[in-house]
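**Q** Structure for this input, please:
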Amino acid sequence: MVACIAIVTLFMLTTSQVFAAKTITPQGKLKPPGEVFTPGEWFLGSVPPNLDTSKPPIVFVQGKNGSSTSWYEETEYHGVNDMYTKAYEYGYQTVFLQLHDAAGEGSASQFDNGELLASMLADISAHFQGRKLNIVAHSKGGPDTQAALIHYGAHAYVGRVITLGSPHHGSHLADLAYSWWAGWLGTLLGQKDDGTFSLQVGEMAHFRSITDHHSNATKNKYYTVSGTNKGPSMSALWMGGQYLSSEGENDGLVNDWSTRLPYGTHLFNDTSLDHDKIRMGSAVFSRIEPYLRTSSVAGLKTDDVKSSDTFMSEDISSYTHGGEWQGNALYKQSFHVDEQLKNIQIWTSTKDVKVRLISPTGKEYQSYASSPKSAEIFNGAAAHSFTGIISETGRWQVQLTSNKKDNAYVMNVTHEGKNNLELKMNPLFSKDPVAFSLQSNNNIQSITMNTKLVDKNGNTVVAPLDVQNTSRNGSIGQFNAKLSSGVYNMTIDIKGKTLQGAPYERTVIRSFYVQ
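**A** Predicted coordinates for the structure are as follows:
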């Protein structure tokens, strides 16, 4: 009898220990004990049974259009985010918060979110008796965090910051959203908000110029992480990655070069991480965790700040067009492929739009439309892509039909081969003139440029463009007008002919800042 009781007791104790262990490893489904969604509110994650009080609390700052759920609920493509779970398992106290974007009424600028975040960090630090906090930020949460620490003085409450896929130098997708051809779509979707505006390359160049040499810039330690996977095939993220590919490696929303800080330590670039996966605990937490164990900023010096090389070179391989059309009438738009068609992306205001692509020899291709809620820049747009396209030179046609009354689209055609142009242009100008250079090979002739320049208020600016040929395959363009301070979005439609007489079409889309 005694032996039986002992065995039963041992079984019960062992069983309770097994269940206790399961509470420490909740398999990626852990949620905070309570959550609020009012901008300006913050709340704690559960206290882990293995809490290590020597480790600083981690404050998680989400990206554009996000809320606290970005860290513990479903991702767009990769299932439940277990970032909160991983931090819990490692014995960290976690903190979640809501910025202006959590209201669901569009995204805010880094300054608006930064001011709100700064006030919250002061309260959070006070809750922990003045202890220093560490921050893990995803995407635009990085610039939001820098605005809070550097411009609104919250550096005193924080030790270290790790940014995951943050567009510290902007994203050319934001340039596209504010361009002449895509502006209709952005307006119709309500996506031309302060957050998207702030991510234009020119606007972020200005942010870097007033941030990186600020006296508060080196009062925290910064670590950066990037990914170079464009996401699931044919997804909205994948389409964004195709558009950004002319700027180099990217994660579907942010180019690798944009994730770096001149005074930060780049921890790693992972070719398996897209912009959605890079915030997942199982994908990155074990690799960033060693840098979160302390809030020390020892060793930082003002001399660590290096000037960023702002002179940017860009491969102009795309032809872009867009606009709006009324009613359910058939809408047609053509484009010419002079050498080789790499891919074509089309964004429409609704998934209801049917898209047909017709080759020069009459081959027809039907589009695959991704979810209209799976992109940060054109959130709400349907992304149409095509598979199995056989490249043909000549005139192609896109046909769009819809039952909706108000429609808008933007089309981007990417060419491959030797006929692409190279653009060199600063995103930041401190004196006149605003100029750029274009280089081409010897196969392009008779180039003309039609330029549209839009200011920060969305107004078209009259600024004549003077183009001087420096050689047979090179030219310099400059605006013959004094531009007032602010960001400008430039669209240049380039037309010409190849030496073989074939039509030639490319589009330059670039934002820049005049200070």
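**Q** low-confidence ranges in the stretch 301-450 of the chain?
**A** Scanning the stretch 301-450 of the chain for pLDDT under 70 picks out the ranges 301-311, 371-376.
**Q** Over to the chain?
**A** 1-28, 188-191, 300-311, 371-376, 470-472.
**Q** Kindly recompute the last result at 80.
**A** For the chain, applying pLDDT under 80 flags the ranges 1-29, 184, 186-192, 299-312, 326-328, 369-380, 446, 469-473.
**Q** Pull out the buried residues from stretch 385-398.
**A** S385, F386, I389, W396, V398 (16 or more other CB atoms under 10 Å). Where C-beta positions appear, they are placed from N, C-alpha and C, glycine not excepted.
**Q** Who are the contact partners of the spatially closest residue to the last one that is not a sequence neighbour?
**A** Distances taken as CB to CB, 6 or more residues apart in numbering put Q333 closest to V398, at 4.9 Å, once the chain neighbours are dropped. Taking CB atoms under 8 Å, 6 or more residues apart in numbering as the contact definition, Q333 lies against H321, Q397, V398, L400, M411.
**Q** Dump the residues you listed to CSV, plus distance to D270 and secondary structure.
**A** Formatted as CSV, the contacts of Q333 follow (distance: CB to CB, whole Å; DSSP: H, G, I helix; E, B strand; the rest coil):
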residue, distance to D270, secondary structure
H321, 35, strand
Q397, 40, strand
V398, 36, strand
L400, 38, strand
M411, 32, strand
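**Q** Just put those residues in CSV and tack on distance to V461.
**A** Listed next are the contacts of Q333 as CSV, based on distance: CB to CB, whole Å:
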residue, distance to V461
H321, 21
Q397, 33
V398, 30
L400, 30
M411, 25
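**Q** After the helix or strand containing Y222, which helix or strand is next?
**A** Y222 is part of strand 221-227 when elements are defined by DSSP states H and E. Downstream of strand 221-227, the next assigned helix or strand under DSSP H and E is helix 236-244.
**Q** residues making contact with that next one?
**A** In contact with helix 236-244 (CB under 8 Å, 6+ apart) are residues 76-77, 171-173, 176, 230-232, 250-255, 274-276, 318, 343, 345, 347, 370-371, 374-375, 377-378, 381, 383, 385, 412, 414.
**Q** my read: D432 touches A463, true?
**A** No: taking contacts as CB atoms under 8 Å, D432 lies outside contact range of A463: 11.1 Å.
**Q** shouldn't S209 be in contact with P427?
**A** No: the criterion here is CB under 8 Å, and S209 misses it with P427 at 9.8 Å.
**Q** In terms of packing, which of these two has more residues around it?
**A** P427 (24 against 18; other CB atoms under 10 Å).
**Q** which residues does that one contact?
**A** If you count contacts by CB under 8 Å, 6+ apart, P427 has them with G170, V201, G202, M204, A205, T310, M312, R510, S511, F512, Y513.
**Q** Now E422, what are its backbone angles?
**A** phi -120, psi 120 (degrees, to the nearest 10).
**Q** sorry, back to before: quick one: which two of the buried residues of stretch 385-398 are the most distant?
**A** S385 and W396 (15.1 Å; CB to CB).
**Q** Could you pull out the strands in the stretch 151-300 of the chain for me?
**A** Assigned by DSSP state E, counting those that start in this stretch, the stretch 151-300 of the chain shows strands spanning 158-164, 221-227, 265-270.
**Q** likewise the stretch 351-500 of the chain?
**A** 354-358, 364-366, 368-369, 382-385, 394-401, 406-416, 421-425, 428-429, 435-439, 444-454, 465-471, 474-479, 486-498.
**Q** re earlier: mutual contacts of D432 and A463, please.
**A** Taking CB under 8 Å, 6+ apart as the contact rule, D432 and A463 both touch L483.
**Q** The two: which is more packed in?
**A** Counted by other CB under 10 Å, D432 and A463 do not tie: A463 has more neighbours, with 17 against 13.
**Q** ok, that one touching G477?
**A** No: A463 sits out of contact with G477 when judged by CB under 8 Å, with a separation of 11.0 Å.
**Q** what's the first-to-last distance across stretch 147-154?
**A** End-to-end distance of stretch 147-154 (CA to CA, to the nearest Å): 9 Å.
**Q** Filter the contacts of P427 down to just the ones in helices.
**A** V201, G202, M204, A205 (DSSP state H).
**Q** The first one and T507, how far apart?
**A** By that I understand V201. Going from V201 to T507 by CB to CB, to the nearest Å gives 16 Å.
**Q** Which one's more surrounded, these two?
**A** Shown here are V201 and T507; by other CB under 10 Å, V201 has more neighbours (29 against 20).
**Q** Tabulate the buried residues of stretch 385-398 in TSV, adding columns for distance to S215.
**A** Compiled in TSV, the buried residues of stretch 385-398 are given as follows (distance: CB to CB, whole Å):
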residue	distance to S215
S385	47
F386	52
I389	54
W396	55
V398	53
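**Q** Farthest pair within the ones in helices among the contacts of P427?
**A** G202 and M204, at 7.4 Å, using CB to CB across the ones in helices among the contacts of P427.
**Q** So what's the residue count around the residue lying closest to T271 once chain neighbours are set aside?
**A** Spatial nearest neighbour of T271, chain neighbours left out: T228 (5.1 Å); criterion: CB to CB, 6+ apart. Look at T228: counted by other CB under 10 Å, it has 19 neighbours.
**Q** Could you pull up the contacting residues of T228?
**A** Contacts of T228 (CB under 8 Å, 6+ apart): E249, N250, D251, D256, N269, D270, T271, L273.
**Q** now with 7 Å?
**A** T228 makes contact with E249, N250, D251, D256, N269, T271, according to CB atoms under 7 Å, 6 or more residues apart in numbering.
**Q** now those residues as a markdown table including distance to A156 and neighbour count?
**A** Output for the contacts of T228, formatted as a markdown table (distance: CB to CB, whole Å; neighbours: other CB atoms under 10 Å):
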| residue | distance to A156 | neighbour count |
| --- | --- | --- |
| E249 | 36 | 17 |
| N250 | 35 | 30 |
| D251 | 32 | 31 |
| D256 | 32 | 18 |
| N269 | 31 | 16 |
| T271 | 38 | 9 |
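**Q** dump the residue contacts of E364.
**A** Contacts of E364 by CB under 7 Å, 6+ apart are R356, I358.
**Q** For T387, see how far away it is.
**A** For E364, the distance to T387 - CB to CB - is 13 Å.
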